[in-house]
Structure formats: structure tokens, C-alpha cells
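Novice: Based on what follows, work out the 3D shape:
(2 chains)
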There are 2 protein chains.
Amino acid sequence: MFFEGSEKKAEILIDGEQLSLLNDIDDEFWSALVNRSQAQILSSIENEYCKAFLLSESSLFVWSDRILILTCGETQLVKAVEFFIQKFGTKAIKQLTYQRKNEYFSNAQPSCFGDDIKLINQYLPGKAYRFGEMDSHHNYVFHLDNDFTADTDDITYELLAYQISEQASKHLTQPNLSAEEIRQFLCIDSILPGFILDDFVFSPYGYSLNAINEQQYLTIHVTPQMDSSYISFESNVDLLSLAPKLLEILAPKSFDLMSFNEQAFEQKLAALIPIQYVSKSRVCKKLDNGYLVNFANYILPQTTFAEPIMIDISGENHAL
Amino acid sequence: MFFEGSEKKAEILIDGEQLSLLNDIDDEFWSALVNRSQAQILSSIENEYCKAFLLSESSLFVWSDRILILTCGETQLVKAVEFFIQKFGTKAIKQLTYQRKNEYFSNAQPSCFGDDIKLINQYLPGKAYRFGEMDSHHNYVFHLDNDFTADTDDITYELLAYQISEQASKHLTQPNLSAEEIRQFLCIDSILPGFILDDFVFSPYGYSLNAINEQQYLTIHVTPQMDSSYISFESNVDLLSLAPKLLEILAPKSFDLMSFNEQAFEQKLAALIPIQYVSKSRVCKKLDNGYLVNFANYILPQTTFAEPIMIDISGENHAL
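Specialist: Next up is the predicted model:
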């Protein structure tokens, strides 16, 4: 079974003095926004700073002055971004960042990054970059081009694990696995002590988790199936420090690390990434909106010969 | 300027006792076959064993009992394969191998491998595999499933170089470069002494070469532009032995090696691949048609941080 785990991601900041997205906007609007991308809200948790919605395809976080939305599969997140712009108007938007990663099955997507930013650009001017090579893991970043400057303490991280170990994949694709069992496997209690959790186990497999603790958030999305496995972590908790633990659990053949505004990115890589991984790609730029963006892709060298993957010719191979 | 250098490739064997593809079939048919894939014949060379056509998108080789055709860009090679099957009938076909590599811009392709083999499978039963990871370099192979067994001395090689050095890319994208200058850069005379050559320089850049020498053939296709550069070599001359020289000239950040029926693949990798490259992927299988297929992907580890690639939002980014 193929599933495109790779997410599109948007973060939109507004002027929080005029309006609180957390307090002044009801759930009906967020539901309509999510629906525009072809996803649905499954559940939510909240604290005084944030409301976190678990979606049928990933997550939406709403703070007073910003939203963060990630959607995977064949959703069209850019339509939700357009819906937000149309609702609040271009003048209300202080900053917008729109990201897309390389996909396993990019030809099955209804649009590509080029299409998406052309649509956003009809409303708002921006700049766009690709971090990472075209023929390998990469991450496209579009940002609004205005006089906004990011706070240096607005630091976020992504850890994207590809091709997790056979053992991890087998464990996470067991039938009727409970959310509690998946939390245990991912060591959630030790990684996220004190967090409010909201998670969902998909059928036949797949898992999503939102976690919030005061102003901290973390979201995990698990596409566990062998051959196209993908586990994503997005957080303002330092995922570089958590990387050794997460890589030990998942043992991926390849992973990406990305951060916004982590000044010690290179030093942390040197100190924290297990030595068996080799750095395939490293890209860095301070964007004009003030965010220092770092991207790194690591691989596990292979010295033995594997069998090829057999393809079912009569099956649904539209994505291959 | 984006161009998809990555080729689709088909090899079709017939029963040579009934018919000689080289002597009994006129060029008009080959021209019609090539046109079906949306490519055109530019020129040809021949000797007593083989006729080699240079195409607007890659190459066609015709021997008495087999053809080899490679087409790149947004061509649909599978339509040429279908045309061949319709002309000669399924019973005439002893073996058919159809390959597609990972593409830089797979979402710009009119079909995917899954679509292509479904079409072939309407005429002929087969088996299909993917050599290499879904999220990285890989090569799909379909082969006809019948009682054919390949000759052990039918040995072929592919070397696919990605992201060649800035120096090589700059050299190969100079305006008004002559074929002779490109041959010199690629050291064709020392690599292919005694071969009959046919080559073409595309505008604004890009280069194709067919070379034959008795029963030996080699074809080179050069997509030199920075950021999506791709240089392919396909031959029954031992490209593993030539790899050190070719890698020295091109200095790619990543390359793939593939071979059919090279028994000493692993030993040659150990002896010949420069130590600065790291093996990211190794896959091997003896197919039911007798071909021993080996695939390996190598990368050059990166220790310094590069700048991201800026994307022209208003440009033609349908492929990104």
C-alpha cells in the first residue's frame, strides 16, 4: 500500500494586536480551512497558548498570532493557505512560509511546488529556494518578501526519517496496534514529559501525535510501511538533541534535519549525529525575513547487496 | 533551463533466423518507430553488425536480432515499444527489457513506469522490479516472462553521472562549443580508439554521441546544465573499467552503475571506484530470463554548507 507521508507545511503570522486567532476564531473556520486542503479535523487539544488539531492528514496548530499547518498524502495545502488569505486579507499577514519536501511519489501529486507558489504569488510577493539537491532529498521554502524580521528565539526543527529499519517497520505495521503501544515504542513519555497528548492510529496502520506543553509543541506523523516508510517530527523542542534517541529507535537508512533559527546547527550535528551516518547534503541560508535556515541530509552507507523490490504489474502503480 | 536527461530504455530481441532487423527492415520503419515516442532521427552510422541512429532525444541501435532504444526528455518510449510489438507480433519477440530510472522532474512526465508496464503487459506477460530506493536513485526493470535465457556473454553496462562538477558543467555549457571540443573534454579518442563516431551538439547545449566498432557499441548523452546535470553512458564495453577516468573528468556528486551479466561487479567496484565516494545503495538479482542485474549508487559526502538554489517564481516551474 502506497501512502505519501511527506508533508506540505505552511506557517502564517498575523498582527496579533488586531485579532487573536486562538480566541476570536471558532473551530468552524478551522474546519473549513482544513477541508479546503482535502483533509478533515479528527480531534483537538488546547492550553492557554495553543490549540492543536489532529487531522486526517497531519496537523494544524493555532496560536494567538500564527498558525502552523502540515498536510500529507495527496492533499492540496496551498488551497487552505489561499482560504486563509481570502478570509483575513493580505494586509493582515505579517509573514507566510510555505514548504514542500521531496516526495516518494511526486507524479501522483495534484500540484507541484512551482504551481503552489505561483498561486500564493497571485496574492503575496515572495522568494523561494530549494534546500538540497534536485535528484535527492530536498526541501522547498517560499517566504513572503516584506519588511518582517523573525525573532531570533523563534526556533523550530524538523527531523524526517526515511526507510526505517525492518524491525521498526514490522513493529509499527502490526495489526490492531494501540496508541499506547506506539507511544511506548517511540518513548514518548521520556521524550515529552509533562505534555498534553492527542494521538490517532490509522487503519490499517499509520499514526499521528500532537503534543503541547505551555508554549512548546511537537507533532509526529508515522507512515510505517516498508519501502516507503517516513516518520516526521516537527517541533520547537530541540530535535537535534533528541536525534540520537530517535535515530536509535527508528534506525532509518536516510534522514533529513532542518531548522529555522538554530544558530548552533553545525556544532550540534558534529556532536550529536551517530558516526555511522554520512552527510550527503548540507545547505544554509539566512533568509531575508531573518530566519536562518539549515538543511542536512544523512545516509547510512550500504556495503552488502539487497534484493530488488518486486512490482505487482496488475496493481495500482500509478505512483511509481 | 530544465531538461529531463534521464532515459527510458528498451531492448527487444527477436528470432533472428526468420528475419534480420538490420537487413530486412528499412529506415522508414525505424523513423516511424522513433516518431511514436515523440523523438526524431537526426543521423546514422553503420557497420556490418549494427546501425546506430542518433535521435533528437538519445539513441536507437539496430542489430540483426535486436534493437536497443533510449529516449530522454518527455518522450514516451513505451509507445515505440508498442509499435514494434504491433509490427512484428508477440510471437516474434524472444525477450523484451524495459527500464526507467528515477527522474529529476518525474511529475512533468506524461506517464510513469507503472503506466508503461501496464501497457506492455496488455501484449506480453512480464515481471518487474525496482533496483534502488524509492526516495533515492533507482532503476525500474521490466522483462518478458517466458522460457528465454540470456547468453552469459551478453554483458552491458550503464554509468549515470548526476551533478557533475561546476567546472565540467561550465565547460559543457559554453556557447558554440563544437563536437570536437566536447570529444576532447570527454577524452573520446583515448576511451574509444578505432570506433566510428556520430555526434550532435544541441542548442543551447547538450550533446549526444553514438560509437560503434565491430560488435561493440557505446552511447553518451550529456545534459550539462548546473543543478540538473546528467551524463549517461550505455555500452557493451566495460564501463566499470572506464569509471575512474570518467569520474575524474566529470567529478559528479552522485553516480549510478548498472550492469547486466557482469559476474565480477562487486570485485570491480572494490578495485575501481575512487575512495572518496560512499556506496549508498547496492542491489543485485539474477532475473528469471538469465540476466544477472547489478545496481549501485555512490555519493560524495558533503562537509561544507552550500547556498540553496533560488527559484524564479514567475518562471516555468511546472517540473519542480
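Novice: Please make it C-alpha for all contacts and neighbour counts, starting now.
Specialist: Will do.
Novice: For the stretch 1-150 of chain A, just list every one of the strands.
Specialist: Across the stretch 1-150 of chain A, reading from the start of the chain, the strands by DSSP state E, counting those that start in this stretch fall at A:8-14, A:41-46, A:50-55, A:58-63, A:66-71, A:93-101, A:126-131, A:139-144.
Novice: which secondary structure elements does the fourth one contact?
Specialist: The helices and strands touching strand A:58-63, judged by 3 or more Cα pairs under 8 Å, 6 or more residues apart in numbering or on different chains; DSSP states H and E, are strand A:50-55, strand A:66-71.
Novice: what does it rub up against?
Specialist: Contact with strand A:58-63 is made by A:7, A:20-22, A:49-54, A:67-72, A:208, A:210, A:219, A:221, as judged by Cα atoms under 8 Å, 6 or more residues apart in numbering or on different chains.
Novice: which of the residues you listed count as buried?
Specialist: Buried subset of the contacts of strand A:58-63 (neighbour count, 16 or more other Cα atoms under 10 Å in any protein chain shown): A:7, A:20-22, A:50-54, A:67-72, A:208, A:210, A:219, A:221.
Novice: still on that earlier bit, who wins for proximity to chain B among the helices and strands packed on strand A:58-63?
Specialist: Closest to chain B of these is strand A:66-71 (Cα to the nearest Cα; 18.6 Å).
Novice: Pick the most buried one from the strands of the stretch 1-150 of chain A.
Specialist: Compared across the strands of the stretch 1-150 of chain A, strand A:58-63 shows the largest average neighbour count, a mean of 26 (mean count of other Cα atoms under 10 Å in any protein chain shown).
Novice: Report the contact partners of the residue in the stretch 101-250 of chain A positioned nearest to chain B.
Specialist: Closest residue of the stretch 101-250 of chain A to chain B, Cα to the nearest Cα: A:Asn107 (3.9 Å). A:Asn107 makes contact with A:Ala319, A:Leu320, B:Ser106, B:Asn107, B:Ala108, B:Gln109, B:Cys112, according to Cα under 8 Å, 6+ apart.
Novice: A:Glu307 now?
Specialist: With contacts defined as Cα under 8 Å, 6+ apart, A:Glu307 is in contact with B:Phe131, B:Val283, B:Cys284, B:Lys285.
Novice: For the residues you listed, which single residue is the most surrounded?
Specialist: For the contacts of A:Glu307, the largest neighbour count, defined by other Cα atoms under 10 Å in any protein chain shown, is 27 neighbours, found at B:Phe131.
Novice: Can you read off the pLDDT for the closest residue to A:Ala179 other than its chain neighbours?
Specialist: With Cα to Cα, 6 or more residues apart in numbering or on different chains as the measure, A:Val201 is the residue that lies nearest to A:Ala179, at 6.0 Å, once sequence neighbours are left out. At A:Val201, the predicted lDDT confidence score is 97.
Novice: what residues does the stretch 201-320 of chain A put near chain B?
Specialist: Along the stretch 201-320 of chain A, the residues adjacent to chain B under the rule Cα under 8 Å from any Cα of the partner chain are A:227-228, A:278-285, A:299-314, A:316-320.
Novice: Separate out the buried members of these.
Specialist: The neighbour-count criterion (16+ other Cα under 10 Å) marks A:227-228, A:278-285, A:299-302, A:306, A:308-309, A:311, A:313, A:317-320 among those as buried.
Novice: which residues sit against stretch A:259-277?
Specialist: In contact with stretch A:259-277 (Cα under 8 Å, 6+ apart) are residues A:152-158, A:240-241, A:243-244, A:291-295, A:298-301.
Novice: So which bits of that stretch are buried?
Specialist: Neighbour-count burial for stretch A:259-277, with 16+ other Cα under 10 Å as criterion, is recorded at A:Ser259, A:Phe260, A:Asn261, A:Glu262, A:Phe265, A:Glu266, A:Leu269, A:Ile273, A:Tyr277.
Novice: if we take these, which one ends up nearest to chain B?
Specialist: Closest to chain B out of the buried residues of stretch A:259-277 is A:Glu266 (9.0 Å), distances taken as Cα to the nearest Cα.
Novice: In three-state terms, how would that closest one be classified?
Specialist: Each residue gets one of three states, and A:Glu266 gets helix by DSSP: H, G, I helix; E, B strand; the rest coil.
Novice: and it, what pLDDT?
Specialist: Per-residue confidence for A:Glu266 comes out at a pLDDT of 98.
Novice: Dump the C-alpha coordinates for the strand or helix carrying A:Phe200 into PDB.
Specialist: Element membership for A:Phe200, per DSSP states H and E: strand A:196-201. What follows is the C-alpha trace of strand A:196-201 in PDB, where atoms were taken according to Å, rounded to 0.1, in the frame of the first residue of the first chain:
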ATOM      1  CA  ILE A 196      -0.700  17.000  26.800                       C
ATOM      2  CA  LEU A 197      -1.000  14.400  24.100                       C
ATOM      3  CA  ASP A 198      -3.600  13.700  21.400                       C
ATOM      4  CA  ASP A 199      -2.900  10.800  19.000                       C
ATOM      5  CA  PHE A 200      -4.600   8.600  16.500                       C
ATOM      6  CA  VAL A 201      -3.900   5.200  15.000                       C
END
